[in-house]
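A.B. asks: Fold the following, please.
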Amino acid sequence: MRAAVYYETGPADVLRYEEVPDPECFPGAVVIQVEAISIEGGDTLNRHSGEMPAVPHIVGYQCAGTIIEVGEGVTDRQVGQKVVANSFYGSHAEKFVTLAMMTWPIPDGADVVACACVPVAFGTAHDCLFEFGKLQAGETVLIQAGAGGVGTAAIQLAKRAGATVLATASSAERLESLRDLGMDHGINYTEDGWVEAARAAAGGWGVNLVVDSVGGKILDGSIACLAPRGRAISVGSAGRDRQLLDISNLAPGNRSLTGVFFGAEIGTDRVQNLVTSLVAEVAAGTLRVVVDRTFPLAEAAAAHELIESRQAIGRVVLIP
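C.D. replies: Model prediction:
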């Protein structure tokens with residue numbers, strides 16, 4: 001099979017398009033003929049400086065396609081079934097092997113590209129807002145990096161839950177694209193005074209909940225945006241800013257900070273059922289996946305560069 005591989009971590013140009021051995025099926029697993037690859041934020045971080053279990057390494061942990069082989073002991077998946085799948089690495093390829101329990105059926109007639117983008121982005125957004133963020137109708141939520149994959153999902157989920165939705169992005173044009181998803185107030189985080197703007201948009205008291213996927217100094221600002229008893233959710237560090245966090249602003253207003261990693265519970269019944277329902281909603285059109293661009297798998301380096309330029313809105317997808 002062909003795959004996007006690299007021999008050392010680094011910038012996007014370390015990616016090469018090469019012939020590699022097909023993945024081998026194993027008990028409890030399935031092999032998938034890949035039709036669409038959702039490039040996740042973690043893929044670019046891993047390519048930049050992550051672990052490499054083998055050389056050459058195939059990065060990527062989410063894709064969708066058709067099952068072509070079923071391992072021993074698998075009874076709830078069949079050859080010919082379309083699924084969206086997840087694993088630790090290996091999605092940037094024509095074939096992908098993963099545990100059957102890490103796959104979710106795609107409803108007949110659904111858009112495979114859209115479904116390929118669902119589990120991590122929509123599952124993470126849902127957990128940040130509800131499982132850990134405890135968002136309630138009538139509250140105000142600030143979605144940092146609103147134009148990203150998690151951001152575009154979180155805006156939709158928060159709006160339909162009855163929240164007032166604030167979102168940040170790096171330009172007025174990117175913010176304008178989020179209004180159709182349910183954003184009530186847009187804030188350009190590259191401009192001075194964005195914290196004050198967020199607090200003002202929330203009536204001067206601050207927001208009840210922040211979902212922050214950027215980290216570093218932005219997370220400091222997120223905490224400063226919180227109203228008394230407000231909750232901040234830290235979910236990744238897309239900004240690659242390793243600035244130490246000053247938590248002294250939490251106690252005076254009885255504010256809280258929670259770290260969320262969706263993958264930690266992805267094998268649980270709760271998350272399995274959640275992702276199944278989210279895939280079904282995307283398939284039915286009640287939730288929308290925003291895809292900025294698709295690239296051939298052979299152009300994985302260019303696709304990674306687009307993501308890291310922070311110009312994309314929503315997801316960037318590879319097609320083998």
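A.B. asks: right, and residue 61 touches residue 85 too?
C.D. replies: No: using Cβ atoms under 8 Å, residue 61 is not in contact with residue 85; the gap is 9.1 Å. All C-beta atoms are positioned from the backbone trio N, CA, C, and that covers glycine.
A.B. asks: which residues do these two both contact?
C.D. replies: Common contact partners of residue 61 and residue 85 (Cβ atoms under 8 Å, 6 or more residues apart in numbering): residue 91.
A.B. asks: On the three-state scheme, the spatially most central residue of the chain is what?
C.D. replies: Nearest to the geometric centre of the chain sits residue 121, at 3.1 Å (Cα atoms, centre = their mean). State at residue 121, reduced to three classes by DSSP: H, G, I helix; E, B strand; the rest coil: helix.
A.B. asks: any idea how far residue 155 is from the nearest residue to it once chain neighbours are set aside?
C.D. replies: Excluding its sequence neighbours, the residue lying closest to residue 121 (Cβ to Cβ, 6 or more residues apart in numbering) is residue 149, at 3.9 Å. Here the criterion is Cβ to Cβ, to the nearest Å. By it, residue 149 lies 11 Å from residue 155.
A.B. asks: Same question for residue 297.
C.D. replies: For residue 297 relative to residue 155 (Cβ to Cβ), the value is 29 Å.
A.B. asks: who has more neighbours, these two?
C.D. replies: residue 155 (28 against 18; other Cβ atoms under 10 Å).
A.B. asks: Which residues are in contact with the more buried one?
C.D. replies: Residue 155 touches 143, 146, 165, 167, 178, 181, 182, 183, counting by Cβ under 8 Å, 6+ apart.
A.B. asks: Counting neighbours, which of the residues you listed comes out on top?
C.D. replies: The contacts of residue 155, ranked by neighbours (other Cβ under 10 Å): first place residue 143, 33 neighbours.
A.B. asks: these two touch, right, that residue and residue 164?
C.D. replies: No: at 11.4 Å, residue 143 and residue 164 do not qualify as touching, with contact defined as Cβ under 8 Å.
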